[in-house]
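[1] Can you look at this prediction? I've put the sequence above it.
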Amino acid sequence: MSSTDPKSLLPDSLAARVSALTIKDGRAMAVVDAAGLGERERSDIERALGDILGQRDDVQETRVVMTAERTQRRIIAVGSGKGGVGKSTLTANLAIGLAKRGHKVGLVDADIYGPSQPVILGNQGEKPVARDKKLVPVESAVGIPVLSMGHLVEPGRALAWRGPMAGNALTQLIDAHWGDVDTLVVDLPPGTGDVQLTMMQRFKPLGAVLVSTPQDLALIDAARAGQLFDQAGVPVIGLVENMAGYACPHCGEISDPFGKGGVETAAGRLDLPFLGRIPLDLAIREGSDRGAPPALDTGALGAPFHDIAAKVDAWIGAHN
Ligand SMILES: Nc1ncnc2c1ncn2[C@@H]1O[C@H](COP(=O)(O)OP(=O)(O)OP(=O)(O)O)[C@@H](O)[C@H]1O
């Protein structure tokens, strides 16, 4: 057996991926953290390890084990057809709801158009540090670690990212030191762009939740986003209707500025489950703006989010 740490035999870029390397009785055994790697990258790493270790006199055989971390840490993606429908709000509160139900939850804010999780979760201005070339998620006051596009760039700058840049940024956020987190809830940008494609290709989510307002246009776009998940073989867990039923803070009368029930009807038409309805409520916006997400509330304000989290939790239980 080699007396020095066998990992020191590897170039840094390769060593960063190898979580353990032993050489014993002529056999080298490398354990590779394959999180976020595509087939091609995996076989490149395998070949590089075989080449380097195979040159040694004390190695007759090299075995490479790719850890299945990627499948162990499930990803629940939250998407919408268009912006401003409450996707970020739902993501943060779903994350809190799932954590309350026993999951170890981390949140990835991949919305390049408006990374708002640092505001919602109250850790704006805090920057993640990197360890071994990977980011360490930032803790939040609500107990959920988070990494956001907003942590990587100045506000507004990520908008200019296209294709590979946006995809690489997503990879940095997901392929990070998430520790014992078992469920990553990902706030996707609205629509069906580069980030979504990278998400499907490199980190296939276990399922996706789609948010829409009851407005026709938002619904049509949501259906389109649903199609993308469907084509990529990512099941849509269900649809959520947001901003339905405005409770007047003065008289309590309920009105429906964006209509009501449209998402449930659309879910029926698309043959997708309907997960619930969140009212348009000033307290939801105010809480979100000051880092106090409504799901922290155990009363009526948090109830719609916890009902949705319960359904997603049940779905996860049935699809693991
Ligand atoms: N049910 C609600 N009641 C009141 N305000 C809400 C509700 N849902 C979201 N909001 C507010 O609407 C605004 C947009 O919500 P949010 O950022 O969650 O949308 P989004 O779909 O993620 O938008 P974007 O893609 O632009 O980030 C925020 O100010 C948020 O606090």
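    On my side now, so go ahead. None of the values given here were measured: they were computed from a predicted structure. Numbers count the residues shown, from 1 in each chain.
[2] low-confidence ranges in the protein?
    Residue ranges of the chain with pLDDT under 70: 1-4, 67-72, 155-162.
[3] Walk me through the domains of it.
    6-69, 73-319 (automatic domain parsing).
[4] Highest mean neighbour count across those domains, which stretch is it?
    Most buried of the domains of the chain by mean neighbour count (mean count of other C-beta atoms under 10 Å) is domain 73-319; its value is a mean of 19. Bear in mind the C-beta positions are built from the backbone N, C-alpha and C, glycine included.
[5] measure that domain end to end?
    Its start and end residues considered, domain 73-319 measures 13 Å (C-alpha to C-alpha, to the nearest Å).
[6] Does whichever residue of the stretch 101-250 of the chain sits closest to the ligand belong to a helix, a strand or coil?
    Distance from the ligand to each residue of the stretch 101-250 of the chain (C-beta to the nearest ligand atom) is smallest for G114, at 3.6 Å. State at G114, reduced to three classes by DSSP: H, G, I helix; E, B strand; the rest coil: coil.
[7] Spatially nearest residue to it, not counting backbone neighbours?
    Nearest residue to G114, sequence neighbours excluded (C-beta to C-beta, 6 or more residues apart in numbering): G83, at 6.8 Å.
[8] So what does that neighbour have for phi and psi?
    phi -80, psi 160 (degrees, to the nearest 10).
[9] show me the contacts for it.
    Shown in contact with G83 (C-beta atoms under 8 Å, 6 or more residues apart in numbering): Y113, G114, P189, P190.
[10] hmm, 10 Å instead?
    D111, Y113, G114, P189, P190, G191, A218, D221 (C-beta atoms under 10 Å, 6 or more residues apart in numbering).
[11] same question, D221
    Residues in contact with D221 (C-beta under 10 Å, 6+ apart) are S80, G81, K82, G83, V85, P190, G191, T192, L210, S212, Q215.
[12] 6 Å - rerun?
    G81, K82 (C-beta atoms under 6 Å, 6 or more residues apart in numbering).
[13] Just give me how far the helix or strand hosting it sits from the chain centre.
    Following DSSP states H and E, one finds D221 within helix 216-231. Offset of helix 216-231 from its chain centre (C-alpha atoms, centre = their mean, to the nearest Å): 19 Å.
[14] Can you list the strands that the next helix or strand after that helix pairs with?
    Going down the chain from helix 216-231, the next helix or strand is strand 236-247, by DSSP H and E. Looking at strand 236-247 with DSSP bridges, its partner strands are strand 207-212 (parallel), strand 254-255 (antiparallel), strand 274-280 (parallel).
[15] Output strand 236-247 as CSV, nothing but the C-alphas.
    Only the C-alpha atoms of strand 236-247 are listed here, as CSV (Å, rounded to 0.1, in the frame of the first residue of the first chain):
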residue,chain,number,x,y,z
VAL,A,236,-45.5,17.6,-13.0
ILE,A,237,-46.5,17.1,-9.4
GLY,A,238,-49.3,19.6,-9.9
LEU,A,239,-50.4,23.2,-10.5
VAL,A,240,-50.8,25.9,-7.9
GLU,A,241,-53.1,28.9,-8.3
ASN,A,242,-51.7,32.1,-6.8
MET,A,243,-53.2,35.5,-6.2
ALA,A,244,-56.8,34.3,-6.3
GLY,A,245,-59.4,35.8,-4.0
TYR,A,246,-58.3,39.2,-2.7
ALA,A,247,-59.4,39.7,0.9
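[16] Now do that strand and helix 216-231, the angle between them.
    Angle of strand 236-247 versus helix 216-231, following axes from the mean of the first three to the mean of the last three C-alpha atoms, to 10 degrees, is 160 degrees.
[17] which residues sit in contact with Q117?
    Neighbour list for Q117: D109, V146, S148 [criterion: C-beta under 6 Å, 6+ apart].
[18] repeat that for 10 Å
    Contacts for Q117 (C-beta under 10 Å, 6+ apart) come out as 88, 91-92, 95, 107-111, 123-124, 138, 140, 144, 146-151, 185, 187, 293.
[19] What of L121?
    By C-beta under 10 Å, 6+ apart, the contact list for L121 reads 92, 95-96, 107, 109, 138-146, 148, 288, 291-293.
[20] go with 7 Å
    L121 makes contacts with A92, S140, A141, V142, I144, V146, G291, as judged by C-beta atoms under 7 Å, 6 or more residues apart in numbering.
[21] so the fifth one sits in a helix?
    Going back to what we said before, that points to I144. No - read with three-state DSSP, I144 is coil and lies in no helix.
[22] Surely it touches V108?
    No - with contact defined as C-beta atoms under 7 Å, I144 does not count as touching V108 (10.9 Å).
[23] how near is A309 to the ligand?
    Note on A309: its distance to the ligand, by C-beta to the nearest ligand atom, to the nearest Å, is 15 Å.
[24] residue farthest from the centroid of this structure?
    Distance from the C-alpha centroid of the chain, by C-alpha atoms, centre = their mean, peaks at D57 (44.5 Å).
[25] check contacts around that one.
    D57 neighbours (C-beta under 7 Å, 6+ apart): none.
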